[in-house]
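Novice: sequence first, then the predicted structure:
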Amino acid sequence: MRRSAPLKDTLTYLAALAVVGLFAFPLVWMLLTSLKQRVDVFSSHPFAPFTPTLANYQTVLASDFPGQLLNSVVIALASTLVALVLGAFTAYGFSRHGAFKGGDNLLFWVLSLRMLPTISVVVPFTILFNRFGLADTRLGLILVYTIFNTSLAVWLLKGFFDEVPRDLEEAAMLDGYSPPQVFRRVSLPMVRSGLLTTAVFCLIQSLNEFLLALLLTDTKAVTAPVGLANFQRYFGLEWGQFAAAAALFVMPVIVFTVLVRKELVRGMSFGQLE
Amino acid sequence: MKPSRAFTLSLFLPTLIFLAGMTLFPLLFSLGVSATDYQFGGTARFVGLRNYSGLLTDPRFWQAAFNTMIITGAAVSLELAVGLLLALLFHRRLPGLGALRVVLFIPMMLSPLVIGYFWRFMFDPTFGVISYTATRLLGHPVDFLTNPRLALAAIVIVDVWQWSPFVFLLALAGLGAVPADLYEVASLQRASAWMQFRYVTLPYLRFPLLLALLFRTIDTLKLFDLVYILTGGGPADTTVNLSLLTYRYGYTFSEVGRAAALSWLLVIVINVLATLLISALKRPAASPVPAGAADA
């Protein structure tokens, strides 16, 4: 009955394509710029055809950028891993044994860390990190990123644990499993895909973080976003190289986004919507 | 078998000790700093509430508070409107729309730093593609980043580009939750398109949209990366918001005490707003589905 409106369908497609074109334009433009020589970047006719070159990518790969990218990856992976371990325990706790007095408030407090302005923690962290030798170290950033990743992991994983049928756990108990065994051998394997989803969101969140990395690193532990900002400050007009570095940095995140597209609502709403 | 107390504690304690140690201690430390005239590397003298009163008499603070309100108000309302329209457009079940949707989800997953620089490049008055297009369409270039009013607009435009898709994503989930037979009942009762939207669709959108409002309001209030990259607070400090002002107090003017005071103010404002919005989220919907439709 509803299929009898070809005009409406066509209009929907046209509008959808226009919208997608508008939203995708900056990304396509970045990719094109990364393939341009300097003369083409500064051309007064930006839409004129040009001969693509990979020179920008070669320059970027020979610069400090790969090292900064490595810092980013190491810091993101480590803070995600710790957050997953802490998060899995505590999310299971809130899901199965969270009915104690004050449990709801505690859970809400973990959520409220999502609201904390980064600028408010960075001031004390700068002072404390200088005092305890954590400034400009990977370990320092791993510690701070683990805060925000753990908060996210607890909320996302709680949702996944809530979906595990309790009958399964009760059956395992009848078979003589102790509560820790039930957790490790029954519940945890059931949320395997949830752990993977959570890991992806923690990784993206850590890779993209800028302010803490800007103020808590200097030379050794500089991450990719800070490296890009420094590059821009010193070589402000090398937009082709900047675009190439940005494209290298952004590409894995785009792949991740497509991989977790079915769970985006859950991840981005902090587990409040599915 | 009751779980042992030791097992339950081991589930909670490591996380809670870590999170409390890493957040409550720095925040309390920062509260202490806000009552001193500390400078990085220097010594601290107790000054009581002088940093807070100094803040309230500093015109830069009021300008930043005003800018924060303008950016938040404009960006969040536009994001809700654009996101909702996108959801209504893309909700139709047509082949291929799903693949197009994914493209829209990409901007919000990307680093705000990359996005900020990239838009700055596109806004550039001499070789930026936006300026070029404006010259073609209007006959004169438009320099977004050197005109105070347009610079604020530029921040809003980029935030809307990045975050409307977030509202879109949540609204789409809300639309997906409306049972199809509700629409059939509504059309049997000859409800107009507006009535269908108002009484069938909107109740299901209430929670996702409030949730989007909560996240977007708080994230725009504490916005830092985009302002820092896109305008750097300029031209002539006209686009400095509260996060950027805190940064400047601490790291440019070396008034760490005042930076700590302002950062505490920001925490309090955000907490109050979040509490208000969350209590609205918890309240059950005021206008449920019209009688008869629910049990169809």
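Specialist: That came through fine.
Novice: low-scoring pLDDT stretches of the chain, where are they?
Specialist: As the question left the chain open, I've gone with chain A. Applying pLDDT under 70 to chain A flags residues A:1-4.
Novice: could you do chain B instead?
Specialist: Ranges of chain B meeting pLDDT under 70: B:1-3, B:284-296.
Novice: longest helix of it?
Specialist: When chain B is parsed with DSSP state H, its longest helix is helix B:59-90.
Novice: which parts of the helix or strand following that one are buried?
Specialist: Using DSSP states H and E, the helix or strand that directly follows helix B:59-90 along the chain is helix B:97-109. Buried residues in helix B:97-109, defined by neighbour count with 16 or more other CB atoms under 10 Å in any protein chain shown: B:97, B:100-101, B:103-109. To be clear about C-beta, it is placed using only N, CA and C from the backbone, and glycine gets the same treatment.
Novice: report the backbone C-alpha coordinates of helix B:97-109 in CSV.
Specialist: These are the backbone C-alpha positions of helix B:97-109, laid out as CSV (Å, rounded to 0.1, in the frame of the first residue of the first chain):
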residue,chain,number,x,y,z
LEU,B,97,19.4,4.4,2.7
GLY,B,98,21.1,2.3,5.4
ALA,B,99,24.4,2.5,3.7
LEU,B,100,24.1,6.3,3.3
ARG,B,101,23.3,6.6,7.0
VAL,B,102,26.6,5.2,8.0
VAL,B,103,28.4,8.1,6.2
LEU,B,104,26.5,10.5,8.4
PHE,B,105,27.7,8.8,11.6
ILE,B,106,31.4,9.3,10.7
PRO,B,107,31.9,13.0,11.7
MET,B,108,31.0,12.5,15.4
MET,B,109,33.6,9.7,15.7
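Novice: beyond that helix, next helix or strand please.
Specialist: helix B:112-123.
Novice: okay if I get the buried residues of helix B:97-109 as a markdown table plus distance to chain A?
Specialist: A markdown table is the format used below for the buried residues of helix B:97-109 (distance: CB to the nearest CB, whole Å):
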| residue | distance to chain A |
| --- | --- |
| B:97 | 6 |
| B:100 | 5 |
| B:101 | 8 |
| B:103 | 5 |
| B:104 | 5 |
| B:105 | 6 |
| B:106 | 6 |
| B:107 | 6 |
| B:108 | 7 |
| B:109 | 5 |
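Novice: now, among the residues you listed, which is nearest to residue A:236?
Specialist: Lowest distance from residue A:236 to the buried residues of helix B:97-109 (CB to CB) belongs to residue B:107, with 24.0 Å.
Novice: which residues touch the closest one?
Specialist: By CB atoms under 8 Å, 6 or more residues apart in numbering or on different chains, residue B:107 lies in contact with A:23, A:26-27, B:115, B:161-163, B:165.
Novice: report the two of those separated the most.
Specialist: Of all pairs in the contacts of residue B:107, the most separated under CB to CB is A:27 and B:163 at 15.5 Å.
Novice: show me which of these two is the more surrounded one.
Specialist: The residue with more neighbours, out of residue A:27 and residue B:163, is residue B:163; 23 against 20, by other CB atoms under 10 Å in any protein chain shown.
Novice: which ones are touching that one?
Specialist: Neighbour list for residue B:163: B:75, B:79, B:107-108, B:216, B:219 [criterion: CB under 8 Å, 6+ apart].
Novice: so which strand or helix has it?
Specialist: helix B:148-176.
Novice: next helix or strand past that helix?
Specialist: Per DSSP H and E, the first helix or strand lying C-terminal to helix B:148-176 is helix B:180-188.
Novice: I'd like the distance between the closest residue to residue A:206 other than its chain neighbours and residue A:141.
Specialist: Using CB to CB, 6 or more residues apart in numbering or on different chains and skipping residues adjacent in sequence, the residue nearest residue A:206 is residue A:76, 3.8 Å away. In this view, residue A:76 and residue A:141 are 9 Å apart by CB to CB, to the nearest Å.
Novice: so for the two, which residue has more residues nearby?
Specialist: Shown here are residue A:76 and residue A:141; by other CB under 10 Å, residue A:141 has more neighbours (28 against 25).
Novice: excluding sequence neighbours, find me the nearest residue to the more buried one.
Specialist: Leaving out its chain neighbours, the residue that sits closest to residue A:141 by CB to CB, 6+ apart is residue A:75, at 4.9 Å.
Novice: run a quick neighbour tally on the one you found.
Specialist: 28.
Novice: which strand or helix spans it?
Specialist: Here residue A:75 is assigned to helix A:65-97, by DSSP H and E.
Novice: chain center to that helix, what's the gap?
Specialist: On the basis of CA atoms, centre = their mean, to the nearest Å, helix A:65-97 sits 11 Å off its chain's mean C-alpha point.
Novice: do the same with stretch A:175-186
Specialist: 32 Å.
Novice: for stretch A:185-200, same thing?
Specialist: On CA atoms, centre = their mean, the centre of stretch A:185-200 falls 18 Å from the chain's centre.
Novice: again, but for stretch B:257-276
Specialist: The answer for stretch B:257-276 is 15 Å, by CA atoms, centre = their mean.
Novice: most centrally placed residue in chain A?
Specialist: residue A:204 (1.4 Å; CA atoms, centre = their mean).
Novice: quick one: residues contacting it.
Specialist: Counted by CB under 8 Å, 6+ apart, residue A:204 has contacts A:253, A:256-257, B:109.
Novice: only whichever of those residues are buried, select them in ChimeraX.
Specialist: This is the ChimeraX syntax for the buried subset of those, where burial follows 16+ other CB under 10 Å:
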select /A:253,256,257 /B:109
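Novice: what two of the contacts of residue A:204 have the greatest distance between them?
Specialist: Farthest pair in the contacts of residue A:204, by CB to CB: A:256 and B:109, 7.4 Å.
Novice: for chain A, see how far away residue B:169 is.
Specialist: Separation of residue B:169 from chain A (CB to the nearest CB, to the nearest Å) stands at 6 Å.
Novice: and for that residue, the neighbour number?
Specialist: For residue B:169, the neighbour count with other CB under 10 Å is 25.
Novice: my guess is it contacts residue A:265. True?
Specialist: Yes - the criterion here is CB atoms under 8 Å, and residue B:169 meets it with residue A:265 at 5.7 Å.
Novice: mind checking how far stretch B:228-239 is from the chain centre?
Specialist: Stretch B:228-239 sits 19 Å away from the centroid of its parent chain (CA atoms, centre = their mean).
Novice: nope, stretch B:217-225 is what I meant
Specialist: 5 Å.
Novice: gap between the two ends of that stretch?
Specialist: Stretch B:217-225 has an end-to-end distance of 16 Å (criterion: CA to CA, to the nearest Å).
Novice: contacts for that stretch?
Specialist: Stretch B:217-225 is contacted by residues A:115, A:117-119, A:210-211, B:68, B:71-72, B:75-76, B:112-113, B:116, B:155, B:159, B:163, B:241-244, B:247, B:266, B:269-270, B:273-274, B:277 when judged by CB under 8 Å, 6+ apart.
Novice: hmm, 7 Å instead?
Specialist: Applying CB atoms under 7 Å, 6 or more residues apart in numbering or on different chains, the contact partners of stretch B:217-225 are A:115, A:117-119, A:210-211, B:68, B:71-72, B:75-76, B:112-113, B:116, B:159, B:241, B:243-244, B:247, B:266, B:270, B:273-274, B:277.
Novice: what is the burial count for whichever residue of the stretch 1-150 of chain B sits closest to chain A?
Specialist: Ranking the residues of the stretch 1-150 of chain B by distance to chain A (CB to the nearest CB) places residue B:11 first, at 3.4 Å. Neighbour count of residue B:11, defined by other CB under 10 Å: 25.
Novice: quick check: closest non-adjacent residue to it.
Specialist: Of all residues not flanking residue B:11 in the chain, residue A:93 sits nearest, at 3.4 Å (CB to CB, 6+ apart).
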